[in-house]
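In: please work out how this folds:
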Amino acid sequence: MTSPTSITLAVDCMGGDYGPRVTLAACRRFLAAHPDAHLLLVGRAEALSGFNDPRAEVVVATEMVEMDDSLEVALRKKKDSSMRVCIEQVRDGKAAAAISAGNTGALMAIARYVLKTMEGIDRPAIAGQMPNFKGGGTTMLDLGANVDCSPEHLLQFAVMGSALVSVLQNKDQPTVGLLNIGEEAIKGNEIIKKTGELLRSASSAGDLNFYGNVEGNDIFKGTVDIVVCDGFVGNVALKASEGLATMISGFLRNEFSRSIFTKIAAIFAYPVLSAFKHRVDHRRYNGAALLGLRGLVFKSHGSADDVAFETALNRAYDASKNQLLERVRERIAHAAPLLMGAQADASEPAATPL
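Out: Numbering: from 1, shown residues only. Model (predicted):
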């Protein structure tokens, strides 16, 4: 039984590259570390039958969304998939958050269909952390849900990202940077310039703490707490970050198999490189939030191991316990006059030149 003070999470145990082999191992570790947590394990009965814990309950789903399934198949044809049933637990009030390592596009589509978007939000965004040289993470959004964004969308992302960081990192006024090709306000295309104007207005109104324009290297320097960009740029940056971690891991493995001189150099460099590898290890930052929905959903990397998937569970737990959904609603409501004004300005027809 779930106690009134426990946090219940719904887990899509079938999603990702490895399915129950990873998700169930992570769930065992998570439950051991969180005595007030309860899990709903969603998936095929035969795959979950061996999991025995009084704080875990199996919710049977007969189908699963494959990583290469189209959105139509995932949304329209697989109505009893573990991904969909998992999100339905949040909709029905049985779980505070849902976690899946499955197909990102399908997860966003199903979550948006089942939970709907929050009032005042046009498009949900994916917000995740990128490792920085300060030893922490820079929150970045959007990481791939919206390729083409208007200034109004980017303003919404900034407000939602501020709520996320304030909850998960206990920062009342996290700094927000707008990703650009230069720090100067005159840099960038018209969308970025207009976004900068909106963010400055929002900062003046107390809706967020706008630092200004930032460049790509600022993500990893940790110049700001939050970096806002469209989903195309954000996804490219995310993949580049993961590639860096892979490169460091490969270097540490391969250099010891080369010549004696390279081996000696690698031995001296190993402590520094190992520390750097730990700092940029994407497993420490796994678990991206789908913001803007009427329920909490977290996306784990598809290739996550049990350590990385447990990190995603931890982030969902922290967000639920610290009432992220309510904090996002509060910030959106506070920024509503500016958001509505920006949307009205965007819908007005351009003036006819004299």
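
In: contact partners for residue 163?
Out: Residues near residue 163 by C-beta atoms under 8 Å, 6 or more residues apart in numbering: 291, 324, 327-328, 330-331. (Glycine included, C-beta is placed from N, CA and C.)

In: got the contact list for the spatially most central residue of the chain?
Out: For the chain, residue 288 is the residue whose C-alpha lies nearest the centre (C-alpha atoms, centre = their mean; 1.7 Å). Neighbouring residues of residue 288 by C-beta under 8 Å, 6+ apart: 126-128, 143, 298-299.

In: just name the closest of those to residue 110, please.
Out: Closest approach to residue 110 among the contacts of residue 288 (C-beta to C-beta): residue 299, at 11.6 Å.

In: so what's the closest one bridging to?
Out: Counting by DSSP bridges, residue 299 is bridged to residue 100, residue 288.

In: pLDDT-wise, which helix or strand of this structure ranks last?
Out: One helix or strand of the chain scores below all others by mean pLDDT, DSSP states H and E: helix 260-279, with a mean of 57.

In: distance check, the closest residue to residue 206 other than its chain neighbours against residue 119.
Out: Spatial nearest neighbour of residue 206, excluding adjacent residues (C-beta to C-beta, 6 or more residues apart in numbering): residue 334 at 7.6 Å. From residue 334 across to residue 119, the span is 13 Å (C-beta to C-beta, to the nearest Å).

In: okay, those two: which has more neighbours?
Out: Each of residue 334 and residue 119 has its neighbours counted (other C-beta atoms under 10 Å); residue 334 has more, 16 against 10.

In: tell me where the stretch 51-200 of the chain has helices.
Out: All helices of the stretch 51-200 of the chain, identified by DSSP state H, counting those that start in this stretch, fall at 71-72, 82-91, 104-115, 151-168, 190-204.

In: mind putting these into CSV with mean pLDDT and distance to residue 135?
Out: Shown next, in CSV, are these (pLDDT from 0 to 100; distance: least, C-beta to C-beta, whole Å):
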stretch, mean pLDDT, distance to residue 135
helix 71-72, 92, 38
helix 82-91, 98, 33
helix 104-115, 95, 28
helix 151-168, 94, 16
helix 190-204, 94, 27
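
In: now render these as JSON lines, adding distance to residue 236.
Out: Formatted as JSON lines, the helices of the stretch 51-200 of the chain follow (distance: least, C-beta to C-beta, whole Å):
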{"stretch": "helix 71-72", "distance to residue 236": "21"}
{"stretch": "helix 82-91", "distance to residue 236": "25"}
{"stretch": "helix 104-115", "distance to residue 236": "15"}
{"stretch": "helix 151-168", "distance to residue 236": "16"}
{"stretch": "helix 190-204", "distance to residue 236": "16"}
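
In: among these, which is nearest residue 314?
Out: helix 151-168 (9.9 Å).

In: out of the helices of the stretch 51-200 of the chain, which is closest to residue 308?
Out: Closest to residue 308 of the helices of the stretch 51-200 of the chain is helix 104-115 (C-beta to C-beta; 15.2 Å).

In: what residues sit buried inside the closest one?
Out: Neighbour-count burial for helix 104-115 flags 104-112, 114-115 (criterion: 16 or more other C-beta atoms under 10 Å).

In: give me the helices and strands touching it, please.
Out: helix 71-72, helix 82-91, strand 288-291, strand 296-299 (3 or more C-beta pairs under 8 Å, 6 or more residues apart in numbering; DSSP states H and E).

In: and the ones you listed: which comes nearest residue 200?
Out: For those, proximity to residue 200 was assessed by C-beta to C-beta; strand 288-291 is nearest, at 21.9 Å.

In: now do whatever helix or strand residue 317 lives in: everything it contacts.
Out: Element membership of residue 317 [criterion: DSSP states H and E] is helix 306-321. With contact meaning C-beta under 8 Å, 6+ apart, helix 306-321 is reached by 7, 9, 11, 16, 22-23, 25-27, 29-30, 34, 37, 96-99, 101, 164, 167-168, 282-287, 289, 296, 298-301, 304.

In: quick check: angle from the helix or strand following that helix to helix 151-168?
Out: Downstream of helix 306-321, the first helix or strand assigned by DSSP H and E is helix 324-334. Angle of helix 324-334 versus helix 151-168, following axes from the mean of the first three to the mean of the last three C-alpha atoms, to 10 degrees, is 140 degrees.

In: quick one: mean pLDDT over helix 324-334.
Out: The average of the pLDDT scores along helix 324-334 is 90.

In: any residues touching stretch 327-339, and which ones?
Out: 118-121, 152, 155-156, 159-160, 162-164, 166-167, 198, 201-202, 205-208, 291-292.

In: any idea how far the residue nearest to residue 206 lies from residue 115?
Out: Distance of residue 334 to residue 115, computed by C-beta to C-beta: 22 Å.

In: list the buried ones in stretch 200-210?
Out: Neighbour-count burial for stretch 200-210 [16+ other C-beta under 10 Å]: 201-203, 207-210.

In: let's see it as CSV, backbone CA atoms only.
Out: These are the backbone C-alpha positions of stretch 200-210, laid out as CSV (Å, rounded to 0.1, in the frame of the first residue of the first chain):
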residue,chain,number,x,y,z
ARG,A,200,14.6,41.5,-21.1
SER,A,201,11.0,42.6,-20.6
ALA,A,202,10.3,39.4,-18.6
SER,A,203,13.4,40.0,-16.4
SER,A,204,12.3,43.6,-15.7
ALA,A,205,8.9,42.3,-14.7
GLY,A,206,10.4,39.8,-12.3
ASP,A,207,9.4,36.7,-14.3
LEU,A,208,12.9,35.5,-14.7
ASN,A,209,16.6,36.5,-14.3
PHE,A,210,17.9,37.2,-17.8
